[in-house]
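Engineer: Here is the input, now give the coordinates:
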Amino acid sequence: MMELSHSLTLNEEALQQLPPAKRPIFIFEWLRFLDKVLEAANKSDIKGCQKQLVAQLVGQMNESPGPPTRKLVARCLATLFSVGDTFLLFDTINKCNDVLKNKDDSPSYLPTRLAAVTCIGAMYEKLGRMMGRSYEETVQILIKALRNAESQLRIEIMMTLEKITAGMGSAAGNVHKDIYKAAKMGLTDRALPVRCASALCLMEMTKHAPFLYTTEIENLSQLCYRSFDNSNYDVRCTVAKLLGTVLATTQNPPKEFAKGSSKGGVVKLLSLEETLTVLLTGFLRGGSSFLKGTGEMIKGSSSVSREVRVGITQAYVVLVQELGALWLERNISTLLAHLTELVASPKATTSHVDAVYSRKCVNFILRATLGRMIGEKTQTAACKEITQLIIKHMNSVDVSGEGTKDGGEGGQHVLVCLLQELGCLLQSLSTTCASVILDTQLNLVDAVVAVLLHPSSAVRLSAAWCLRCICLALPSQLHPLITRCCDRLDALKSSPEAIAGYSCVVSALVGCVQKTPLGIPHMRGKVLFNIAEELLRSASQNSRLSLHRTQAGWLIIGSIMTLGVGVVRGLLPRMLLLWKNSFPRSSKEIESEKARGDAFTWQVTLEGRAGALTSMHSFLLHCSELAAEDTVRRLLLPIEAALLMLSSITHIVKQYGQHLKASTAMVRLRLYEVLSLLPPQSFESHYTSILKLLVSEFTLAESGANTTTSLLRTMCHADDSVILGTWLHHTHHKTIEDQLQPNSASGSGALEHDPTFLYRPLPEGETIAGPLPLGVTVIDASVVLFGQMFPLVANKHRLKMLNLFGDMIRAAKSQRQEAVQMNIFTAVLSALKVLSDNKASFGQDDVKKAATALLLGGLTHPNSTLRCASGEAIGRIAQVVGDPRFVAEMAQNSFDKLKSARDAVSRTGHSLALGCLHRYVGGMGSGQHLSTSISILLALAKDSTSPVVQVWALHALSLIADSGGPMFRSYVEPSLALLLELLLSVPPYTAEVHQCIGKCLQALITTVGPELQVQTAVLLW
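Structural biologist: Below you'll find the model as predicted:
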């Protein structure tokens, strides 16, 4: 029947013969055909049927068309009047206006209103000034309709106003102010897609309305800042594009404006400095008015939301991109000076985390502009500019440690940003950077080496990282630099900054030896070890230097381990002795330790032991061949001593002060890292004490902060990115968007959190080392180790822990409860993954029941990440248990809940649980529940009142289709019918629903398989 739709006019007879469910598809097919035909038609081809065509197309507006259908109706009408006669044009516009004037606010009339608005927009966009002065009445009707419009209608009206502006151009200047007022309201609309549509409308207006980038620039920028508040990724991208474009227009106005065509005489445009200041003010003050901002500054409570800062960061990039590469080449020094001013401001760095976030924003701007927009020659010039700035800032620092000449902390953040960008530029230039590195007038390497004496550890670490990048770009610099730093370390051994700075460089450079083709002489490893050993031995000789020497010694030893078995084999006996001597040898020694010492000696001791454990971790990671049974047995002595010490450390922290908490946490982190690389059976006798430590860690038993792990999203399945929002990680905005993720300190990775990342291998896809704060990494490490150990302990211990988890979640309240639950669920998921990978048993029925009771509660949690983790864990348990009765019980539980639940939270959680059960048990294991699962999910996917429910139901359906195999074949037709219905009815701005429809279609194609092949032969060119 569908071939009957391929006619110029609608075949109404064929349409009436179809069942009601098939008619929308028939009409859509006709419109697609018509759209193609009209584009290629001549006026004479359609003259005879134009009147009938117009009537049929206008008639379709009253048939409640879905988004794709109304878009085609609008396009066909516009093309029809463009190709054919325009005698019915104004009559059609009036009919559309009448629909908008209609007072019917019922939901059933909404599709007709939406279609009328879409048609108006398409006709104005296509026909432009052929529409005459009808735009005046139409714009007023549209703006009036905005006042009481539903969100879908508000979006469509803003899109149509954009199209009217585009079609009419400057001819519609008398309504630009009215459209601007409407768009201003839309920029702060509670419905986020309305904000996007309003921003796009204003972007189009910028081309035709000079007041936007002259008299209204301040007001518009304030509106954009307010629009960033409580926004999502799409809003930030769109509004940033608007703000950047408008500001770029102030520097590069249209030719008509440049001729001075504005009626009120000459209007002054913003200078470049003023333009950049608009963004700077927004970054530092946000969207508050001047008076409000001043009041907050007096009180000292002025803070800008991270969403606003991320949005403004994107706007900076858009501004530079709009002005172009040639502009950037000429204004590199201006941009660098401006960004250094931004990051140096105390308002940008009110706390450590804020400082890290501000630095990330500045580095994102520099990477997106200097790193991507200009060629090698200009990048080389940029390296010179940055080097001069580093020298200038270092000249204002008093390296004697008695204070800084500039009297503020801002300078250190400037240097961190500059050194990071310099390192990235040089590494991307690779060997072509030789000219700038070897330039004797510039002395780039000397300038960076001088920074190693800076009083701030963050700056010293950034300088070390920059020198690492230089050696990766130009490997011939590696060995001379290591030799030079070793010599300086020996010459300046009485300076704490020199010890810290040069040891960082040595460890960073040794860590990158494996990545360079030239390497270093074999004996250099032994020489470096002697230096590190000497630092450790002399640590106790001078109390002012003891902490720095201890940290430096272990940092260098940790990096030496990366040189591999060839170098480390000869050093192993000395290493084992150093590890042994770093810890007390018996419980008697531990008791005597407690009775002596003070806060400082304990800090040095803890740092030393953390360093020893770090080097053990590095040894096990890079020289696993040397970790024979005898070596592991000797390693266990210091590890046992560390466990004994940690079991009684609380008393020491209480006695000597809370500042020891960080050092203690570092020891725990290093211990967990070492244990995760050792064979578990080697420390079997200590399982109980280790598990106590781990459970206490991630349940926050000893901590007052509500710190959450950063691993929950990665523990969930990669295919759940639609629900988790992890697809953001695949965008180039990842580095700044990470700041807005809900887990603790998300996106605040920085080298100062863990200097060992100078030599550690970088995670896949990362170009810059950025370890998270200690509070988060120690929980992450405990979760990973718990996952490895849980499968190895007896049933009674598993049951005890699972019951304890339930009790702790119930005992906690509000935000703390959520944090504890997130950490526990991540730990349980980690354990289930290991059990599944090792094909191990989950345990007796009581263990199974305790775990199920713990996880089922998460399916109805308001936090979507927890619901996702819960669904994933239930699927994993079913996989590990491998009992059809358990699967049936879990499925039935979700069926019952879905049949009675009316709230979106329960519906989404239990939908995913069904999908995960099928994903992990497979089609054969869950075949008897297939029919019920699919019928429930198909019903939920039709719930147009809740897009969230649709997303989760469709996602679950795609999981079932993927795992069902041949058993799903009989459900392909109803599933396909639903997907087609959704494609014709789901609004375009619900992107997640469309993504899930795509995933379902992909799964259906996989299920049907070869039957979808084309029958005719295909020629491969």
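
Engineer: CA only for contacts and neighbour counts going forward, please
Structural biologist: Fine.

Engineer: Give the full set of residues in contact with residue 620.
Structural biologist: Applying CA atoms under 8 Å, 6 or more residues apart in numbering to residue 620 gives the contacts 627, 674, 677, 678.

Engineer: Which one (most neighbours) among those residues?
Structural biologist: residue 674 (22 neighbours; other CA atoms under 10 Å).

Engineer: Which residues are in contact with that one?
Structural biologist: 613, 614, 616, 617, 620 are the contacts of residue 674 under CA under 8 Å, 6+ apart.

Engineer: pLDDT, secondary structure and distance to residue 360 for the residues you listed - can I get that in TSV?
Structural biologist: Below are the contacts of residue 674 laid out as TSV (pLDDT from 0 to 100; DSSP: H, G, I helix; E, B strand; the rest coil; distance: CA to CA, whole Å):
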residue	pLDDT	secondary structure	distance to residue 360
613	96	helix	31
614	96	helix	27
616	96	helix	32
617	96	helix	29
620	96	helix	33
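
Engineer: got any ranges where this protein has weak pLDDT?
Structural biologist: 1-2, 258-266, 287-302, 399-408, 729, 923-927, 1010-1021 (pLDDT under 70).

Engineer: any idea which residue sits dead centre in it?
Structural biologist: residue 738 (3.7 Å; CA atoms, centre = their mean).

Engineer: Identify the residues contacting that residue.
Structural biologist: Contacts of residue 738 (CA under 8 Å, 6+ apart): 746, 747.

Engineer: Can you tell me the SS state at it?
Structural biologist: helix (DSSP: H, G, I helix; E, B strand; the rest coil).

Engineer: how far away is it from residue 305?
Structural biologist: 14 Å (CA to CA, to the nearest Å).

Engineer: give me the number of residues near residue 80?
Structural biologist: Residue 80: 24 surrounding residues under other CA under 10 Å.

Engineer: how would you label it: helix, strand or coil?
Structural biologist: Once three-state DSSP is applied, residue 80 turns out helix.

Engineer: so what's it closest to, chain neighbours aside?
Structural biologist: residue 38 (6.6 Å; CA to CA, 6 or more residues apart in numbering).

Engineer: if I look at the one you found, how far off is residue 181?
Structural biologist: 37 Å.

Engineer: So between those two, which is more surrounded?
Structural biologist: residue 38 (21 against 11).

Engineer: which residues does that one contact?
Structural biologist: Residues in contact with residue 38 (CA under 8 Å, 6+ apart) are 76, 79, 80, 83.

Engineer: what about it, which helix or strand?
Structural biologist: helix 23-40 (DSSP states H and E).

Engineer: Name the residues of that helix that are buried.
Structural biologist: 23-32, 34-35, 38 (16 or more other CA atoms under 10 Å).

Engineer: can you give me the helices for the stretch 701-850 of the chain?
Structural biologist: 712-715, 721-724, 734-737, 774-789, 795-811, 814-837, 845-856 (DSSP state H, counting those that start in this stretch).

Engineer: closest one to residue 162 among those?
Structural biologist: Closest of those to residue 162 is helix 734-737, at 28.5 Å (criterion: CA to CA).

Engineer: Export only the CA atoms of the closest one, formatted as CSV.
Structural biologist: Output in CSV follows, covering the C-alpha atoms of helix 734-737 (Å, rounded to 0.1, in the frame of the first residue of the first chain):
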residue,chain,number,x,y,z
LYS,A,734,35.3,16.6,29.0
THR,A,735,38.0,18.4,31.0
ILE,A,736,35.7,21.2,32.1
GLU,A,737,32.4,19.3,32.1
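
Engineer: Show me what counts as buried in that helix.
Structural biologist: Buried residues in helix 734-737 (16+ other CA under 10 Å): 735, 736, 737.

Engineer: quick revisit: just the C-alpha atoms of the helix holding residue 38, please, in CSV.
Structural biologist: Output of helix 23-40 as CSV, limited to C-alpha atoms (Å, rounded to 0.1, in the frame of the first residue of the first chain):
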residue,chain,number,x,y,z
ARG,A,23,-2.2,6.3,8.3
PRO,A,24,0.4,8.5,9.9
ILE,A,25,3.1,6.4,8.2
PHE,A,26,1.3,6.7,4.8
ILE,A,27,1.0,10.5,5.2
PHE,A,28,4.7,10.8,6.2
GLU,A,29,5.7,8.7,3.2
TRP,A,30,3.6,11.0,0.9
LEU,A,31,5.2,14.1,2.4
ARG,A,32,8.7,12.7,1.9
PHE,A,33,7.9,12.0,-1.7
LEU,A,34,6.3,15.4,-2.2
ASP,A,35,9.3,17.2,-0.6
LYS,A,36,11.7,15.5,-3.1
VAL,A,37,9.4,16.2,-6.1
LEU,A,38,8.7,19.8,-5.3
GLU,A,39,12.4,20.7,-5.1
ALA,A,40,12.9,19.6,-8.7
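
Engineer: which element follows that helix toward the C-terminus?
Structural biologist: Next along from helix 23-40, by DSSP H and E: helix 43-46.

Engineer: returning to that earlier point: Throw the helices of the stretch 701-850 of the chain into CSV and include distance to residue 912, thanks.
Structural biologist: Output for those, formatted as CSV (distance: least, CA to CA, whole Å):
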stretch, distance to residue 912
helix 712-715, 15
helix 721-724, 10
helix 734-737, 26
helix 774-789, 23
helix 795-811, 22
helix 814-837, 16
helix 845-856, 12
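
Engineer: nearest to residue 571, of the ones you listed?
Structural biologist: Nearest of those (CA to CA): helix 774-789, 28.3 Å.

Engineer: contacts for the closest one?
Structural biologist: 662, 665-666, 668-669, 672-673, 675-676, 680, 687, 691, 694-695, 697-698, 707-711, 744-745, 753-754, 771, 823, 826-834.

Engineer: now residue 901, nearest residue through space, not along the chain?
Structural biologist: residue 907 (6.5 Å).

Engineer: From residue 913, how far out is that neighbour?
Structural biologist: According to CA to CA, residue 907 stands 10 Å off from residue 913.

Engineer: Relative to residue 781, how far out is residue 709?
Structural biologist: Computed as CA to CA, the residue 709 to residue 781 distance reads 9 Å.

Engineer: of the two, who's got more company?
Structural biologist: Between residue 709 and residue 781, counting by other CA under 10 Å, residue 709 is the more crowded of the two (27 against 24).

Engineer: Just to check, the more buried one is in contact with residue 744?
Structural biologist: Yes. Assessed by CA atoms under 8 Å, residue 709 is found in contact with residue 744 at 7.0 Å.

Engineer: Please enumerate the strands of the chain.
Structural biologist: Under the criterion DSSP state E, the chain contains no strands.

Engineer: about what we covered before: among the contacts of residue 38, who's most crowded?
Structural biologist: That'd be residue 76 among the contacts of residue 38, by other CA under 10 Å, with 26 neighbours.

Engineer: For residue 102, give me the backbone phi and psi.
Structural biologist: Residue 102 adopts backbone torsions of phi -60, psi 130, taken as degrees, to the nearest 10.

Engineer: what's the neighbour count on it?
Structural biologist: 11.

Engineer: State the distance from it to residue 942.
Structural biologist: Counting by CA to CA, the gap from residue 102 to residue 942 is 29 Å.

Engineer: do the same with residue 758
Structural biologist: Distance from residue 758 to residue 942, by CA to CA: 52 Å.

Engineer: Comparing those two, which residue is more hemmed in?
Structural biologist: residue 758 (28 against 19).

Engineer: which residues touch that one?
Structural biologist: Residue 758 touches 461, 464, 465, 504, 507, 508, 511, 751, 769, counting by CA under 8 Å, 6+ apart.
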